[in-house]
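# quick one: sequence and predicted model below, then my questions.
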Amino acid sequence: MTIAAMDKELANRFSFQPIDPLVFPPDVPVPPPPPPSPTSTHFRIRFLGGISAAAGLAGDVLLLQILDATNNLAEVYAYFGGGLGLSVPKLPVLSSTLAGPFRDFLALKPVPVGIFAGPAHWTSGGGGPFTLNILQIFFIAGLASGVQMFVDTGFSVGLGASSTFGFMVPQTPPTLYRPLKGGLATLRITHAEVAPPFAVFEGWVTRLRT
C-alpha cells in the first residue's frame with residue numbers, strides 16, 4: 001500500500017475534527033504589595049492584667065500591651081502558658097494581678113510591633129505589691145533567644161512563684177496609641193481580631209523575624 005493510499009484510508013476512518021483555538025483568560029491586574037510596617041528598636045511593654053495558678057503545675061493567662069515608642073503604634077497580646085510553680089500552703093492556688101506601668105526594652109535591630117507573636121517564657125515570683133516578672137519572647141530580630149525584659153505589674157492577689165512556657169497571641173492589629181490627660185492612656189482600636197493560641201503556630205515559623 002502506498003503512502004497516498006494510507007493517507008486516504010486514515011482520512012476515511014478518522015474524520016477531521018477542527019481544534020478550537022486556545023483561549024487565555026484576560027490579564028488580571030496584580031495589586032501592589034502593602035507598604036512595609038514601620039520598624040523600631042525602642043519598645044515599651046505594659047501588663048494589663050492576668051490570672052495565674054501554681055500548685056506543682058502552673059498556668060498563666062496574661063494580657064500585655066507592646067508599644068513602638070518610635071512610631072507610636074501599640075498592639076495587645078495575650079500570653080497563654082503552662083509549666084511548674086509553687087504557692088504558699090493554705091493560700092488559694094489561683095492568683096490575679098492588676099495592670100502596671102510601661103517599662104522600656106530594646107530589640108537588637110529594627111522590627112515591627114506586630115512581630116512579637118510566637119513562643120515565649122514567663123517567670124514570676126512574689127505577691128502583693130512586690131513581684132518580679134521576666135518575659136522572654138523567642139526568635140526576635142533573627143535571634144533564637146529573642147528579647148528578654150522585666151515587666152512591672154500592679155498589685156498581685158496571691159503569693160507564689162512559677163515559670164511557664166507558652167505563646168504570645170495578638171489580640172488587636174497595630175493601632176495608633178493616644179495618651180490621655182492625667183497620665184492615663186487608651187488604644188483607639190478600629191477592629192479586634194481575637195486569635196486562638198494554635199493560630200500562631202503557622203505564622204511564627206514563616207516570619208523568623210528578619
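Now that the structure is in, tell me what you want to look at. Numbering: from 1, shown residues only.
# which elements pack onto the longest strand along the chain?
What stands out as the longest strand in the chain, according to DSSP state E, is strand 40-68. If you count contacts as 3 or more Cβ pairs under 8 Å, 6 or more residues apart in numbering; DSSP states H and E, strand 40-68 packs onto strand 73-87, strand 94-97, strand 102-111, strand 118-128, strand 130-137, strand 156-170. No exception for glycine: its C-beta is placed from N, CA and C like everyone else's.
# quick one: closest of those strands to residue 64.
strand 73-87 (5.1 Å; Cβ to Cβ).
# the closest one vs strand 156-170, what angle?
In terms of direction (axes from the mean of the first three to the mean of the last three Cα atoms, to 10 degrees), strand 73-87 departs from strand 156-170 by 130 degrees.
# now the protein, which segments are flagged as low pLDDT?
Applying pLDDT under 70 to the chain picks out residues 1, 4, 6-24, 180-210.
# hang on, the earlier thing: looking at the helices and strands packed on strand 40-68, spot the one closest to residue 36.
Closest among those, once you apply Cβ to Cβ, is strand 102-111, at 10.7 Å.
# ok, and what's touching that closest one?
The contact list for strand 102-111, computed with Cβ atoms under 8 Å, 6 or more residues apart in numbering, reads 39-46, 67, 69, 140-143, 147, 149-152, 209.
# that older thread, turn the helices and strands packed on strand 40-68 into a markdown table, columns for mean neighbour count.
Converted to a markdown table, the helices and strands packed on strand 40-68 look like this (neighbours: other Cβ atoms under 10 Å):
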| stretch | mean neighbour count |
| --- | --- |
| strand 73-87 | 20 |
| strand 94-97 | 18 |
| strand 102-111 | 16 |
| strand 118-128 | 19 |
| strand 130-137 | 18 |
| strand 156-170 | 20 |
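# JSON lines for the ones you listed, including distance to residue 56?
Formatted as JSON lines, the helices and strands packed on strand 40-68 follow (distance: least, Cβ to Cβ, whole Å):
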{"stretch": "strand 73-87", "distance to residue 56": "7"}
{"stretch": "strand 94-97", "distance to residue 56": "14"}
{"stretch": "strand 102-111", "distance to residue 56": "30"}
{"stretch": "strand 118-128", "distance to residue 56": "16"}
{"stretch": "strand 130-137", "distance to residue 56": "20"}
{"stretch": "strand 156-170", "distance to residue 56": "10"}
